[in-house]
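Asker: here are the coordinates; sequence isn't available:
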C-alpha cells in the first residue's frame, strides 16, 4: 500500500472533522504498520526474506499491533476499536468487508 504523506494527513484531518474519536485516529498509524507487515508477508517468497528489509527488523511487536493483525482471522476487534463501528466484533460488512469509522 502506498499513500503520500499529504494524503494521509488530509485523511486524518477529514476524519477528525467528521467527529471520529481521537482514540480511533490514534489507531490509524498502527493500521498502516499492520498493513505494511501483512503486505510484506504475503509478497515475500519463502526463503527469500532479507532480515534488513523485514518490517519488524527494527520494531518491537506490541499487543495492540498483534490484535490488529489478528482481527480478520479471529473476528475479534482490538480493544482500542471494539464497538466503535457499531457492528459487533467483526469488521463492518462481514468477513469480506472493511472497518468503517
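Answerer: Here it is on my side, so go on. Source: prediction; values computed, not measured. Residues are numbered from 1 along each chain as shown.

Asker: Quick check on residue 35: phi, psi?
Answerer: In terms of degrees, to the nearest 10, the main-chain angles of residue 35 are phi -60, psi -40.

Asker: residues making contact with stretch 28-35?
Answerer: Residues outside stretch 28-35 that contact it (C-beta atoms under 8 Å, 6 or more residues apart in numbering): 1, 3, 8, 11, 12, 15, 55, 59, 64, 65, 68, 69. Using the backbone N, CA and C atoms, a C-beta is placed for each residue, glycine as well.

Asker: Next, the buried residues of it.
Answerer: Neighbour-count burial for stretch 28-35, counted by 16 or more other C-beta atoms under 10 Å, picks out 30, 31, 33, 34.

Asker: Also stretch 52-70?
Answerer: Applying a neighbour-count criterion of 16+ other C-beta under 10 Å, one finds 64, 65, 67, 68, 69 buried in stretch 52-70.

Asker: Nearest to residue 45 among those residues?
Answerer: Checking the buried residues of stretch 52-70 against residue 45 by C-beta to C-beta gives residue 69 as the nearest, at 20.4 Å.

Asker: Which helix or strand contains that closest one?
Answerer: In this structure, residue 69 is located in helix 63-74 according to DSSP states H and E.

Asker: Of all residues in this protein, which one is nearest the centre?
Answerer: residue 31 (2.0 Å; C-alpha atoms, centre = their mean).

Asker: Quick one: low-confidence residue ranges for the protein.
Answerer: Residues of the chain meeting the criterion pLDDT under 70: 1, 85-101.

Asker: the helices in it, which residues?
Answerer: Secondary structure of the chain (DSSP state H): helices at 5-17, 22-43, 63-74.

Asker: Could you report the separation of residue 36 from residue 74?
Answerer: According to C-beta to C-beta, to the nearest Å, residue 36 stands 20 Å off from residue 74.

Asker: same check, this time on residue 34
Answerer: 14 Å.
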